[in-house]
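Colleague: structure, please.
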Amino acid sequence: MNNSITIFKKELKSYFTSPVAYIIMVVFLILTGWFFTSSLFVSGVVTMRGVFDIVPFILLFFIPAISMRTFSEEKKSGTIELLLTKPLSDFDIVLGKFLSTLTMAVLTMAPTLIYVISLKFLGPLDLGSVISAYIGLILMSGIYIGVGLLASSLTENQVVAFIISFLMIFVLFMLNKILMFVPTPLVSTLEYISSDYHFGSISRGVLDTKDIVYYFSGIAILLLLTKTSLESRKW
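Modeller: As a prediction, this is how the structure comes out:
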C-alpha cells in the first residue's frame with residue numbers, strides 16, 4: 001500500500017504542474033455554474049438538480065481528458081519501463097494512478113459545494129439526496145476512470161486513449177436510453193450495465209446495495225484488466 005501512496009502523490013503532483021488541469025477544472029466549474037444559476041434564477045427553484053443532471057454529461061469528456069495521459073504519456077516517453085523496473089507491483093502502479101485521478105476528479109467537483117451552501121441560505125434543501133448524489137458522482141467518476149486507465153494502458157497516443165475511453169464511457173452511459181430498441185430478454189441486463197441507471201437511483205437519495213456493488217465491482221474489474229494490460233509486456 002505504501003508503494004501505491006508513493007505513486008498517488010507523484011501522479012497528483014504532476015496534474016498541478018501542467019496548465020491543462022487548471023483549464024479543465026475552470027471549464028468544468030463554468031459549465032456547472034451556468035446550469036446552477038439557470039435553474040436558480042430562471043426557474044426560481046432551490047435545487048441542485050440542474051447541476052446533478054449535467055455533471056454526468058460533462059464526465060463523458062472530463063474523465064477521458066484527465067485519464068488519457070496516465071499510461072500513454074509514460075509509454076511515449078519511455079519512462080514506463082523505468083517505472084516498471086522499480087520494486088513496485090503492477091497493481092501498486094495501477095492503484096496509485098487510479099487514486100490520484102479520482103482525487104483530481106473530486107477536487108474539481110469540490111467547489112460546487114458552494115452552490116449547496118448558497119441554496120441552504122435561500123430555502124429548504126434535501127441534504128440527504130444532495131449527499132447521496134455526490135456519492136453517486138464519485139462512484140461514477142471511479143468507474144469511468146477505470147475505463148480511462150485501461151484505454152491509456154493500451155496505447156502510447158493520448159488522443160487515441162481519449163477516443164477509446166470516451167467511446168467506452170459513452171456506451172456505458174447510453175445503455176439505459178436505448179432499451180426500447182433492444183429485445184426484451186436483454187433489457188434488464190443492459191439496464192444493469194448502464195452507469196447512468198445506477199446514478200439515477202443514487203441521486204434520488206436511495207443508496208441501494210445493487211448500485212454500490214455495481215460500481216465497486218466495475219472498478220475492480222477495470223483495474224484488474226488494466227493490470228493485465230501492463231503485464232502483457234512480459235508475454
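Colleague: by contact count, what packs against the lengthiest helix in the chain?
Modeller: Scanning the chain for the longest helix, with DSSP state H as the assignment, gives helix 127-154. Packing partners of helix 127-154 (3 or more Cβ pairs under 8 Å, 6 or more residues apart in numbering; DSSP states H and E): helix 49-67, helix 69-77, helix 90-109, helix 113-122, helix 158-174, helix 195-203, helix 209-231. Just so you know, the C-beta spots here come from the backbone N, C-alpha and C atoms, and that holds for glycine as well.
Colleague: by mean pLDDT, show me the worst of the ones you listed.
Modeller: Ranked by mean pLDDT, the helices and strands packed on helix 127-154 bottom out at helix 69-77, with a mean of 80.
Colleague: so it versus helix 90-109, what angle?
Modeller: Per axes from the mean of the first three to the mean of the last three Cα atoms, to 10 degrees, the angle that helix 69-77 makes with helix 90-109 is 120 degrees.
Colleague: hmm, back to that, can you redo the helices and strands packed on helix 127-154 as JSON lines with mean neighbour count?
Modeller: Listed next are the helices and strands packed on helix 127-154 as JSON lines, based on neighbours: other Cβ atoms under 10 Å:
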{"stretch": "helix 49-67", "mean neighbour count": "20"}
{"stretch": "helix 69-77", "mean neighbour count": "20"}
{"stretch": "helix 90-109", "mean neighbour count": "21"}
{"stretch": "helix 113-122", "mean neighbour count": "13"}
{"stretch": "helix 158-174", "mean neighbour count": "18"}
{"stretch": "helix 195-203", "mean neighbour count": "21"}
{"stretch": "helix 209-231", "mean neighbour count": "16"}
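Colleague: out of these, the one nearest residue 31 is which?
Modeller: Residue 31 sits nearest to helix 49-67 of all the helices and strands packed on helix 127-154, at 5.8 Å, using Cβ to Cβ.
Colleague: how about the nearest residue to residue 150 once chain neighbours are set aside, what does it touch?
Modeller: Among residues not flanking residue 150 along the chain, residue 226 sits closest, at 4.7 Å (Cβ to Cβ, 6 or more residues apart in numbering). If you count contacts by Cβ atoms under 8 Å, 6 or more residues apart in numbering, residue 226 has them with 71, 94, 146, 149, 150, 153.
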